[in-house]
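> Only the shape, not the letters, is given here:
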């Protein structure tokens, strides 16, 4: 899971900056509107998917009134908001790294063109549908702050709530579970006094592609940046494995 985890860490660092946070908020609001439209209601208790989208926005500190308006726009209780639809794109970054892109768009032609352009600029290429997706599987995750806790503490709190595995990145733990168990696992950790960073589902690669050259690593990360900067793109998944020290040097 190293490729996925490293990209998640990079995104979290970027999201801490104000400009990045504004872009992140816009994407989360779009997710809420889509979930509310699909549910036909602004009531989070009536829709698990809407409840999850709202919780993700709260975790990212999106203002409460902004969240409420997004719910109502999506449900048709307020005017405004576009009719977004889900789209997925598959491709390869330099070095043969598989890339999976999830988007919510109100114009498929524009989004497809923008994503194709991003791959081209970074030396990658789009692939046929189905050529990359099979390399990934969806899993649930709850990321918590370590704050002096041990893996054993986490295991005790989550074992009866669907916890399957724990990944330790030093300052944080990532607890893995089935996507359907995310709400229960999150609640178990909250009840156990853990500080939740993020909770939801993600796509995890079955294997990773090692990148040993800094120049190639730079191209891979540039592609992911270009994709992540696109307003229509919600999530980007990739199966790279770049050494930590190389990532740090490139960030500098």
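Good, I have the coordinates. Not measured: the values here are computed from a predicted model.

> Determine the longest helix present in the protein.
The longest helix of the chain (DSSP state H) is helix 18-39.

> What residues of that helix count as buried?
Within helix 18-39, the residues scored as buried using 16 or more other Cβ atoms under 10 Å are 20, 23-25, 27-37, 39. C-beta here means a position set from N, CA and C on the backbone, and glycine is covered the same way.

> Can you name the residues bridging to the closest residue to residue 238 other than its chain neighbours?
Of all residues not flanking residue 238 in the chain, residue 99 sits nearest, at 4.9 Å (Cβ to Cβ, 6 or more residues apart in numbering). Assessed by DSSP bridges, residue 99 has beta-bridge partners residue 91, residue 238.

> Need the per-residue pLDDT for residue 239.
pLDDT for residue 239: 93.

> Also residue 15?
Predicted confidence (pLDDT) at residue 15: the value is 54.

> same deal with residue 12?
With respect to pLDDT, residue 12 has a value of 54.

> Mind picking the lowest-pLDDT entry from the buried residues of helix 18-39?
Lowest pLDDT within those is found at residue 20 (64).

> List the contacts of residue 203.
Residues near residue 203 by Cβ atoms under 8 Å, 6 or more residues apart in numbering: 4, 100, 136-139, 235, 237.

> rerun that using 6 Å as the cut-off
Neighbour list for residue 203: 100, 136, 138, 237 [criterion: Cβ atoms under 6 Å, 6 or more residues apart in numbering].

> quick one: the last one and residue 99 touch, right?
Looking back up the chat, that one is residue 237. No: using Cβ atoms under 6 Å as the test, residue 237 is too far from residue 99 to be in contact (7.2 Å).

> Please identify which of those two sits among more neighbours.
Higher neighbour count among residue 237 and residue 99: residue 99, with 27 against 23, using other Cβ atoms under 10 Å.

> and the residue nearest to residue 238, what is it in contact with?
Applying Cβ under 6 Å, 6+ apart, the residues near residue 99 are 91, 93, 238.

> do that again at 10 Å, thanks
89-93, 115, 118-119, 122, 124-127, 132, 220, 223-224, 227, 236-240 (Cβ atoms under 10 Å, 6 or more residues apart in numbering).

> Can I have the buried ones of these as a PyMOL selection?
Selecting the buried subset of these in PyMOL, with 16+ other Cβ under 10 Å as the burial test, is done by:
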select buried, resi 89+90+91+92+93+115+118+119+122+124+126+127+132+220+223+224+227+236+237+238+239+240
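
> quick one: which of the contacts of residue 99 sit in strands?
89-93, 125-126, 236-238, 240 (DSSP state E).

> Now render these as a markdown table, adding distance to residue 178.
Converted to a markdown table, the ones in strands among the contacts of residue 99 look like this (distance: Cβ to Cβ, whole Å):
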| residue | distance to residue 178 |
| --- | --- |
| 89 | 26 |
| 90 | 24 |
| 91 | 28 |
| 92 | 29 |
| 93 | 29 |
| 125 | 33 |
| 126 | 31 |
| 236 | 23 |
| 237 | 18 |
| 238 | 23 |
| 240 | 25 |
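
> The chain: helices as residue ranges?
For the chain, applying DSSP H gives helices covering 2-15, 18-39, 48-59, 64-75, 108-121, 151-158, 182-191, 214-229, 244-251.

> possible to save the ones you listed as JSON lines with distance to residue 168?
Formatted as JSON lines, the helices of the chain follow (distance: least, Cβ to Cβ, whole Å):
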{"stretch": "helix 2-15", "distance to residue 168": "10"}
{"stretch": "helix 18-39", "distance to residue 168": "25"}
{"stretch": "helix 48-59", "distance to residue 168": "20"}
{"stretch": "helix 64-75", "distance to residue 168": "32"}
{"stretch": "helix 108-121", "distance to residue 168": "33"}
{"stretch": "helix 151-158", "distance to residue 168": "6"}
{"stretch": "helix 182-191", "distance to residue 168": "15"}
{"stretch": "helix 214-229", "distance to residue 168": "24"}
{"stretch": "helix 244-251", "distance to residue 168": "14"}
